[in-house]
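Q: can't give you the sequence, but here's the structure:
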């Protein structure tokens, strides 16, 4: 540590830190544009010039290393003169169009010009202008003339997003920020560039010209999408959410949010919003009062309960529902005598149910994910499923960690991957078994007799040995299971093997939660095995159709592992009750549609993948007659005479849901090893003549809100699903890229365009799930039959 | 695709740099492409990016930073006329006017037959021979007068 003096304040700072760091520590503000604590130092804007005693000229605080005994002045005559001069330079080419600029009122350039500028410019000549360029549907660069060339956006792309999509072309006066010729910005983190831009050069396209900064009310909330639980501020005007921005929380999302977190608010204002309770009578939908609708639901459930029995009532919820909603749903179900409640809609292997020691979670705090030295990521579309977690791993890899991947698709993770085993879904288990054996060899330890028996006969491959060597060579590894691994038909065995690998490597073992409340669902007990009586899980409720379904936020054809089976179960049911914020395809088979409030219109809680409980309040009033789902469930509970349903606030529900034991006790990834290990080597194979399906849930198709976010739906990531397969498979089938094919799975088929992807393993075809275009197909894992259409 | 000739040249260039610093060869790579094709197309920048394992945006930055790279076709022969101080003092404006009258093109333009393109250049470090121009960035011709220009163009016409 060294001591330096800033404006007379003595401050101790680490050796190697900069004057800017020290100033920050001392609580002294130094104006700056290009400096950002999460980005590399550019020292290009010169706004942070300060006087350093014994230095002949002002020095940039962001790029000047602090040295012992240094005396810095930020308000001396020299410093002030430098600041005024730099400000005058920066404004030479700036159009000063603040009155019509979206950034006006929340602009660093505006603020710093007011605080440190001279108030007057001597420049009278013509200003330069930059021709606008379209870089995509999310970011507007129409007013690039406002740019002060701080290059924060460029460095963000290179360093955080992992892809350099914006850059500075030309030189001197002609220098401008732009994308590559005819290219758009496609990063799933691109929106952060809007936040980073200290001027109005990069603005949000969906938000443009809808409000001035000072007209907006700011409400803190939590993102309902991926399992990070990114902290957001939604900005509202006239009881409407008009944008979302990041709220810094170093332990969760740092200062970033994904584009899904940022732009999905458009889905909240969708024309598809359900605003009135509706009942279907004689195949016609009629709008009714809440009381009538709830009475109808209660009577229907009572009838089925009395007739066929309560076990004929099933309830499904998405993991994007809040803790309160999930807690009340399971309490309601158990109150009427059914334990058929589940939120793991895309899961297909439930053999670990009841054998888990606790809720599957990340296995470590999110922040710790940034400083592991070895990663083994199993079955994850990491970048699209967990953009912010991928970003953390990317930073770690940049700092020297090694990432290893076992998966069925080889999407670019935008980071160097040390080793990857890309195998068909049916070979995932065997591949992990290979790695386990190789790790045991490397570590010179013997596997338990049971495991040895299970993996007997497995031959290790070069790749699995390389992965094992990489994992063993680290000190702080992490073995992570992605969505694909959790949705896999052998998920329990994958988890078991991954856990064993982690144990041998002394690495942390974690599940990358699928959605905002994947941990919360377990904590709320919204799983069929949580109570004394075991009910049916999500798959069973579909396989053996029930008479009544209570759907919380669920769109069965998009949210379930097997949409085909789900739809036929819904169609066969006597009563389907949809608690939904949207009018959706469920209108075909539902009997009651109850309008519930999305996350901005209700209070609630999400428990993120590290087990962090984050509660939020509603930001706006519910649209129309929509009501928070926890209130709807509470009234239903009362109507059905279930005891313990007298909650006044969502906080009371949350407190009851969390009343037993601490969160730390509830999180545990261990699986009791009773799961039949002899199944380990059962290879999954496609039926003859077919290909194994590799299904991802596209980033902007994962939940109800984002599906209706108009701008996101126009991005490349939301493009129409294409069936991709290895070119050798295409040759066998006599297909070429661009051909239209009929893809059949189970009883349904869809027409898709094919494209070659030589990174896919042989014998597989990748067809996205969660999308209307593929909803007629069956389970996310299974055999696809391809014919020329 | 980059031609095998260009790839060979880049590979030779790469030997000068550490193996993990392939992008060091970007300027040479751009030059090789221009030497062969006369200009650098968008696809060429993309190909170089793939070949050197760097973002195509970064290739684009370099290609636009240096003005000697032609990012559009500039004719079979590109005449780059210096318009900096020494050349201006020595009457480069007349030189340019003469070239424009003779070829019918201004800066950034190409003759209809595709033979000549003219660009505005920066100081070539040979001010004693002002006014000066370069031919295809390879050969300098100084002390330009109408007669000398006629002679240079006549020779170029022949080749």
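A: Cool, the structure landed. Source: prediction; values computed, not measured.
Q: In a strand, residue B:153, correct?
A: No: looking at residue B:153 with DSSP: H, G, I helix; E, B strand; the rest coil, it is helix, so not inside a strand.
Q: what's the closest non-adjacent residue to residue 123?
A: You didn't say which chain, so I picked chain A. residue A:92 (4.8 Å; CB to CB, 6 or more residues apart in numbering or on different chains). All C-beta atoms are positioned from the backbone trio N, CA, C, and that covers glycine.
Q: oops, chain B please
A: Nearest one to residue B:123, counting by CB to CB, 6+ apart, is residue B:84 at 4.2 Å.
Q: what's the answer for residue A:385, then?
A: residue A:483 (4.9 Å).
Q: again, but for residue A:740
A: Spatial nearest neighbour of residue A:740, chain neighbours left out: residue A:789 (4.4 Å); criterion: CB to CB, 6+ apart.
Q: Report the separation between the residue positioned nearest the centre of chain A and residue A:391.
A: What sits nearest the mean C-alpha location of chain A, by CA atoms, centre = their mean, is residue A:226, with 2.9 Å. Relative to residue A:391, residue A:226 is positioned 12 Å away (CB to CB, to the nearest Å).
Q: Which of the helices or strands spans residue A:136?
A: In the assignment (DSSP states H and E), residue A:136 maps to no helix and no strand.
Q: Could you report the neighbour count for residue B:152?
A: When neighbours are defined as other CB atoms under 10 Å in any protein chain shown, residue B:152 has 17 of them.
Q: Model confidence at residue A:756, what's the number?
A: With respect to pLDDT, residue A:756 scores 96.
Q: Bridged to it, which residues?
A: Here residue A:756 sits in beta bridges with residue A:725, as judged by DSSP bridges.
Q: okay but it is in contact with residue A:733, surely?
A: No: in this structure residue A:756 lies outside contact range of residue A:733 using CB atoms under 8 Å: 11.5 Å.
Q: got any residues that touch both of these two?
A: Counting by CB atoms under 8 Å, 6 or more residues apart in numbering or on different chains, residue A:756 and residue A:733 have no contacts in common.
Q: related to what we said a few turns ago, compute the number of surrounding residues for the residue nearest to residue A:123.
A: 14.
Q: Please name the residues that touch the residue nearest to residue A:740.
A: A:739-742, A:751.
Q: how about a cut-off of 6 Å?
A: A:740-742, A:751 (CB atoms under 6 Å, 6 or more residues apart in numbering or on different chains).
Q: Contact residues of chain A facing chain B?
A: A:164, A:167, A:169-171, A:180-181 (CB under 6 Å from any CB of the partner chain).
Q: mind listing what's buried in stretch A:85-104?
A: For stretch A:85-104, the neighbour count (16 or more other CB atoms under 10 Å in any protein chain shown) marks A:86-91, A:93-94, A:98, A:101-103 as buried.
Q: Using a markdown table, please lay out those together with secondary structure and distance to residue A:304.
A: Listed next are the buried residues of stretch A:85-104 as a markdown table, based on DSSP: H, G, I helix; E, B strand; the rest coil; distance: CB to CB, whole Å:
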| residue | secondary structure | distance to residue A:304 |
| --- | --- | --- |
| A:86 | helix | 73 |
| A:87 | helix | 72 |
| A:88 | helix | 76 |
| A:89 | helix | 75 |
| A:90 | helix | 70 |
| A:91 | helix | 71 |
| A:93 | coil | 71 |
| A:94 | coil | 68 |
| A:98 | helix | 63 |
| A:101 | coil | 59 |
| A:102 | coil | 54 |
| A:103 | coil | 57 |
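Q: Out of those, the closest to chain B would be?
A: Within the buried residues of stretch A:85-104, proximity to chain B (CB to the nearest CB) peaks at residue A:93, which comes in at 18.3 Å.
Q: what sits against that closest one?
A: A:127-128.
Q: redo that, cut-off 8 Å
A: Counted by CB under 8 Å, 6+ apart, residue A:93 has contacts A:127-128, A:145, A:173.
Q: got a winner among those for most neighbours?
A: Within those, most neighbours by other CB under 10 Å means residue A:145, with 18 neighbours.
Q: Looks to me like that residue is in a helix.
A: Yes: under three-state DSSP, residue A:145 falls within a helix.
Q: how far away is it from residue A:107?
A: In terms of CB to CB, residue A:145 sits 15 Å off from residue A:107.
Q: Please apply the same query to residue A:255.
A: Relative to residue A:107, and taking CB to CB, residue A:255 is found at 18 Å.
Q: So which of the two has more stuff around it?
A: residue A:107 (20 against 17).
Q: wouldn't the more buried one be in contact with residue A:203 here?
A: No: applying CB under 8 Å as the test, residue A:107 and residue A:203 come out as separate, 10.7 Å apart.
Q: Identify the spatial nearest neighbour of residue B:61, chain neighbours not counted.
A: Counting by CB to CB, 6+ apart, the residue nearest residue B:61 is residue A:167, at 4.7 Å.
Q: And the contacts of the strand or helix carrying that neighbour?
A: Under the criterion of DSSP H and E, residue A:167 resides in strand A:166-169. Strand A:166-169 has contacts (CB under 8 Å, 6+ apart) with A:135, A:149, A:151, A:153-154, A:157, A:175-180, A:185, A:193, B:55, B:57-58, B:60-61, B:64-65.
Q: Those residues of chain B touching chain A, which are they?
A: With CB under 8 Å from any CB of the partner chain as the criterion, chain B meets chain A at residues B:42, B:45-46, B:55-58, B:60-61, B:64-65, B:67.
Q: Buried among those? Need that as a selection in ChimeraX.
A: The buried residues among the residues of chain B next to chain A can be selected in ChimeraX (16+ other CB under 10 Å) with this line:
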select /B:45,46,55,56,57,58,60,61,64,65
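Q: quick one: contacts for residue A:746?
A: A:564-565, A:777-779, A:782.
Q: Format these as a markdown table; extra columns: pLDDT and distance to residue B:33.
A: A markdown table is the format used below for the contacts of residue A:746 (pLDDT from 0 to 100; distance: CB to CB, whole Å):
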| residue | pLDDT | distance to residue B:33 |
| --- | --- | --- |
| A:564 | 93 | 52 |
| A:565 | 94 | 56 |
| A:777 | 94 | 46 |
| A:778 | 93 | 50 |
| A:779 | 94 | 50 |
| A:782 | 92 | 48 |
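Q: ok, these vs residue A:342, which is closest?
A: Closest approach between those and residue A:342, by CB to CB: residue A:565, at 14.6 Å.
Q: SS state for that closest one?
A: helix.
Q: What is the neighbour count of it?
A: Counted by other CB under 10 Å, the residues lying close to residue A:565 total 19.
Q: Okay then, goodbye and thanks.
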